[in-house]
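S.K.: My questions are about this predicted structure, shown below with the sequence.
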Amino acid sequence: MRLREPTAADLRPELLGTAFRSPILLASGTAGFGLELLRMDHLDGVGGLVSKATTLKPREGNPPPRIAETRFGLLNAIGLANPGVDSVLSDILPRLSGLPCPLLVNVAGSTEQEYGLVVERLEESDLPLGYEINVSCPNVAEGGMLFGADPAAVERISRRVADRTRKPFSVKLTPNEGSIVESAAAAEEGGADAVTVCNTFLGMSIDWREAKPQLSNLTGGYTSPTLLPLVVARVYSVSGSVQIPVIASGGVGRAEDVLELLSAGARLVEVGTLLLRSPDDVCRLTKEMEGLLE
Amino acid sequence: MESNSGDPGPLETMATLNTVEEVARGVFRHRYVAPAIADGAEPGQFVQIEVSHLAFPVTRRPFTVSRVMEEEGAFEIVFEVVGRGTAILASSIPGRSLSVMGPLGRGYRTAEGSWALIGGGMGAAGFPFLSERVDVRLAILGARSTEQLLPCEAGELLIATEDGSRGRCGLVTDLVFEACLDRYDHLALCGPLPMMHAVVEFLTEDVLERTQVSAESRMACGWGVCEGCVIPCVDGYRKCCTDGPVFPASDIDWAGWMELCG
Ligand SMILES: Cc1cc2nc3c(=O)[nH]c(=O)nc-3n(C[C@H](O)[C@H](O)[C@H](O)COP(=O)(O)OP(=O)(O)OC[C@H]3O[C@@H](n4cnc5c(N)ncnc54)[C@H](O)[C@@H]3O)c2cc1C
Ligand SMILES: Cc1cc2nc3c(=O)[nH]c(=O)nc-3n(C[C@H](O)[C@H](O)[C@H](O)COP(=O)(O)O)c2cc1C
Ligand code: FES
C-alpha cells in the first residue's frame, strides 16, 4: 500500500520549481482569470490559480442553458468560452501582476497543433508559472476529451508543449474514456511535469415531463462532492504508475477531502465547484487542514 | 444617467433572517439583517443566498433585492417556492444565519423622468426598491391570482390576474397592448421570458430604446467567473450576473433567447 499520512509539510508542497504556500489550487473554469478574486481580495490561503481554458481564437462557448443543478451535483456545458490568447496576453495578464499566488494557464485546442501555438504565444508573458494542458474537456465537439482518451495523442501534444516552453506544465486527463493510467504515462513520456487527475465526468439530465434536456449541449461535465471516491481511486492508481507529481481535481467539499486526496498520492489539489459557491470556504481550507493535522 | 457598477462589492456576509412572512400561498418575504448589503445595494441588483450549509444544493440561489431598510441595516427578498432550494429557504425560521453574497450585478440605470414598470409574477419582486428611487407613474402587474400579486407603489396601477380574482382576467400583455407607453420616459420590464418577449415585440423601436429588462438565467457562481449564465445579446453572449441582470432591452437578441430558453 502506498497511502501516505499527510503531514504539515504537505501543506507547503514544493514542486514544479515552486514552493507553494498551500496545496489548494483554484480549478480551471471556476476562478475566471483571477480578476474577480483579486478585486475581492479573496486569495488568502490559496496555493495557486488555474485560469479558464485559453484557446487560439476567441470562443463564444455553447448556447445557454449551460448550467443545470441536479439532486447531488452540478452539470456544466460552458464550451470553453474565452476571449482567445491575444486578448489574454494584452488585456488580462497585465492586470494580474498583483496576483498573490502562482498562475497556471489552462490551454485547450481543437487540433493538436493549436496547443503548441497557444503555448508559444503565452511564452511572451513572464507572469504564468506554467500551464495546464486540457486534453479532457467533455463539452466541445472537436478535440477535448477525444485527445485525452488516446495515449498517443496525449504524448504528441505533451511533446509539442514541452518543445515550446521551459516552464512546467501539467496535462489534465479525462476520467471518461480510455485508460487514465495509460494517458498519464503518455503525458510523462511526452515531457509533462505533472498530470491533473481529472476533468469532469460526462453527464446528462433530462426534464422527463417535457422530454427536454436541461442543457442545450445535451451533455455536460458533472461535478459533485459525491464523486470524491472516484477521484481518490484515480489519483491513487495514477500516482502509483508515474514518477511525475499528480494534481488532484474533483470532489472536494471540505478540508478532510483535500487530506484524503493527499493521502492517495496527490501533491496539489484543485477546488472548483466549492469555489463557485464560497470563496471564503475555500480560503479557509488550508487553516482547517492545519487544525486537523495538529 | 447614473450607471451602477458591476463590481462585486463586499462579498460573503452572514445575514440574520429576522422576519418571515408568507405573503401568498408559496410566496415568502424574508427580511435579513446585513448592513454591508443594505448599504451598498441598488435597485435591480441581486443577492446569492446559500440556502443550506450542507453539501447540497451545491450552488447558491439568486434573488432580487426587493427593498432595503437602511436604518435597520436590512434588506428584503420576495420569492416563490419552485424547487428544492427555494423550499429549503422557505422553511427557515427567524434567527437563522445564512451566508449571502451581494449586492451583485448591474441594477437599473436610475434616471430622472417618468417611469412605467411592467412585471409578471415574481418579476415584480424588485419594483418596491426601484419605486423608492424613481418616479413611477404607472405599474402594470400580472399574476396567476390576486394572492400572488406583489405590492408596488405607483401613480397608476393596472392589474391582470389569470383567474380574474383581481383586475383584468387575463395576462399582463393584454394590459400592455392597451396602455399608452410612449408617454413615459423610462420603462422597466421583468417577468417570465415569454411574457417579456411578447411585450418587447409589441413596443415601438422608440419605446424599446427606453426600456430596461431585468433578465434571469441559471447561475452557478453569480459573480462572473463560471460563464454559465449567458444571455444572447445582439453583440454575442453576455453574462447575466455581471453584465446584467438589468440590460437595455435593445441589447438583447430576443429571438435567440426565446428559441433557446423560452
Ligand atoms: C438575478 C436573478 C434574480 C432572481 N430573483 C428572484 C426573486 O426575486 N424571486 C423569486 O422568486 N425568484 C427569483 N429568481 C429565480 C430564483 O433564483 C429561482 O426560482 C431559484 O433559483 C430556483 O431554485 P430551486 O432550487 O427552488 O429550484 P430548482 O429545483 O433548482 O429548479 C426549479 C425550477 O427553477 C428554475 N431555476 C433554477 N435556477 C434558476 C435561476 N437561477 N433562475 C431562474 N430559474 C431558475 C429551473 O429551471 C426549474 O424550472 C431570480 C433569478 C435570478 C437569476
Ligand atoms: C463551470 C465549470 C467550468 C469549467 N471549465 C473548465 C475549463 O475551462 N478547463 C478545464 O480544464 N476544466 C474546467 N472545469 C473543470 C474543473 O477545473 C475541475 O476539474 C472540476 O470542476 C472538478 O473539480 P470540483 O469537483 O472541485 O468542481 C470546469 C468546471 C466547472 C464547474
Ligand atoms: S453565474 Fe457564473 S458567470 Fe454568471
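M.R.: Structure received. Ligands and ions are numbered 1, 2, ... in the order given.

S.K.: ok, residue B:200 to residue B:215 distance?
M.R.: When distance is defined by C-beta to C-beta, to the nearest Å, residue B:200 is 12 Å away from residue B:215. (Glycine included, C-beta is placed from N, CA and C.)

S.K.: Now for those two: what residues contact both?
M.R.: Taking C-beta atoms under 8 Å, 6 or more residues apart in numbering or on different chains as the contact rule, residue B:200 and residue B:215 both touch residue B:252.

S.K.: Those two: who's more crowded?
M.R.: Under the criterion of other C-beta atoms under 10 Å in any protein chain shown, the comparison of residue B:200 against residue B:215 puts residue B:215 first, with 25 against 18.

S.K.: just checking, that one touches residue B:247?
M.R.: Yes: contact criterion C-beta atoms under 8 Å: residue B:215 and residue B:247 qualify, at 5.8 Å.

S.K.: overlap in contacts of these two?
M.R.: If you check residue B:215 and residue B:247 against C-beta under 8 Å, 6+ apart, the residues they both contact are residue B:231.

S.K.: Residue A:1: how many residues sit nearby?
M.R.: Number of residues near residue A:1 (other C-beta under 10 Å) recorded here: 5.

S.K.: and it, how far is that from ligand 3?
M.R.: When C-beta to the nearest ligand atom, to the nearest Å is applied, the distance between residue A:1 and ligand 3 equals 41 Å.

S.K.: what's the answer for residue A:140, then?
M.R.: Using C-beta to the nearest ligand atom, one obtains 19 Å as the distance from residue A:140 to ligand 3.

S.K.: unless I'm mixing things up, that residue is touching residue A:111, no?
M.R.: No: with contact defined as C-beta under 8 Å, residue A:140 does not reach residue A:111; the gap is 11.8 Å.

S.K.: more neighbours, these two?
M.R.: With other C-beta under 10 Å as the criterion, residue A:140 and residue A:111 differ in neighbour count, and residue A:140 comes out ahead with 23 against 13.

S.K.: helix, strand or coil for the more buried one?
M.R.: Classification of residue A:140 into helix, strand or coil gives coil, according to DSSP: H, G, I helix; E, B strand; the rest coil.

S.K.: Next one: it from residue A:116, what distance?
M.R.: In this structure, residue A:140 and residue A:116 are 18 Å apart, going by C-beta to C-beta.

S.K.: cool, and residue A:277?
M.R.: Plainly put, residue A:277 is 36 Å away from residue A:116 if you go by C-beta to C-beta.

S.K.: hmm, stretch B:147-166 in reach of ligand 1?
M.R.: No: for stretch B:147-166, no contact with ligand 1 is found by C-beta under 6 Å from any ligand atom; the gap never falls below 9.3 Å.

S.K.: Please point out which parts of that stretch sit buried.
M.R.: The neighbour-count check on stretch B:147-166 (16 or more other C-beta atoms under 10 Å in any protein chain shown) flags B:148-150, B:152, B:154, B:157-161 as buried.

S.K.: need the contact list for residue 43.
M.R.: Unless you meant another one, I'm taking chain A. Taking C-beta under 8 Å, 6+ apart as the contact definition, residue A:43 lies against A:34, A:37, A:49, A:99-101, A:283.

S.K.: You answered for a different chain; I wanted chain B.
M.R.: Per C-beta under 8 Å, 6+ apart, neighbours of residue B:43: B:65, B:107-108, B:110, B:126, B:129-130, B:132-134.

S.K.: model confidence over stretch B:255-262, on average?
M.R.: Stretch B:255-262 carries an average pLDDT of 94.

S.K.: and that stretch, anywhere near chain A?
M.R.: Yes: Stretch B:255-262 reaches chain A (C-beta under 8 Å from any C-beta of the partner chain) through B:260-261.

S.K.: and that stretch, how far from the chain's centre?
M.R.: Here stretch B:255-262 is found 19 Å from its chain centre; the criterion is C-alpha atoms, centre = their mean, to the nearest Å.

S.K.: then that stretch to CSV, C-alphas only?
M.R.: Included here for stretch B:255-262 are C-alpha records, laid out as CSV according to Å, rounded to 0.1, in the frame of the first residue of the first chain:
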residue,chain,number,x,y,z
ALA,B,255,-35.5,35.8,-30.9
GLY,B,256,-32.3,33.9,-30.0
TRP,B,257,-33.1,34.0,-26.3
MET,B,258,-36.7,32.8,-26.8
GLU,B,259,-35.6,30.0,-29.0
LEU,B,260,-33.0,28.7,-26.5
CYS,B,261,-34.7,29.4,-23.2
GLY,B,262,-38.3,30.3,-23.9
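
S.K.: Sounds good, over and out.
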